[in-house]
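A.B. asks: Any chance you could fold what I've pasted below:
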Amino acid sequence: MAREIKTVLPGSQSHNRLKNRVSLGTTVKFDILNATKEYAKANNIQLSRIIDEALLLYLTQQGVTIEDKEEPTSK
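C.D. replies: Numbers count the residues shown, from 1 in each chain. Here you go, the predicted model:
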């Protein structure tokens, strides 16, 4: 029996308290995550900010452009 794949859109997450962001669930290699967490802590940078930058860099390298919407930075 085939399972139906549900598409999760930011608007459908009524329980999500985030206004300008969406939560993302994924898996990464232990060593990559540990190194990223250590870097974030040592440089006082939020992990989500590093992931945003990494995804943006990857998409840019693939020729995908994204409209830049300025988000207020929280420090």
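A.B. asks: tell me which element residue 19 is part of?
C.D. replies: Take DSSP states H and E as the rule and residue 19 turns out to sit in neither a helix nor a strand.
A.B. asks: and it, how many neighbours?
C.D. replies: 6 (other C-beta atoms under 10 Å). No exception for glycine: its C-beta is placed from N, CA and C like everyone else's.
A.B. asks: Now it: phi and psi?
C.D. replies: phi -100, psi -40 (degrees, to the nearest 10).
A.B. asks: which other helices and strands contact the lengthiest helix in the chain?
C.D. replies: If you go by DSSP state H, the chain has its longest helix at helix 47-61. Applying 3 or more C-beta pairs under 8 Å, 6 or more residues apart in numbering; DSSP states H and E, one finds that helix 47-61 contacts helix 30-42.
A.B. asks: shaky segments in the protein?
C.D. replies: For the chain, the stretches flagged by pLDDT under 70 are 1-16, 69-75.
A.B. asks: list the contacts for residue 24?
C.D. replies: residue 51 (C-beta atoms under 8 Å, 6 or more residues apart in numbering).
A.B. asks: Report the secondary structure state of it.
C.D. replies: Assigned by DSSP: H, G, I helix; E, B strand; the rest coil, the conformation of residue 24 is coil.
A.B. asks: what's the distance between residue 21 and residue 30?
C.D. replies: Using C-beta to C-beta, to the nearest Å, we find residue 21 at a distance of 25 Å from residue 30.
A.B. asks: who has more neighbours, those two?
C.D. replies: residue 21 (11 against 7).
A.B. asks: how much does the longest helix of the chain deviate in direction from helix 30-42?
C.D. replies: 120 degrees (axes from the mean of the first three to the mean of the last three C-alpha atoms, to 10 degrees).
A.B. asks: Buried ones in helix 47-61, by neighbour count?
C.D. replies: Neighbour-count burial for helix 47-61 flags no residue at all (criterion: 16 or more other C-beta atoms under 10 Å).
A.B. asks: which residues sit against that helix?
C.D. replies: Under C-beta under 8 Å, 6+ apart, the answer for helix 47-61 is 21, 24, 36-37, 39-40, 65-66.
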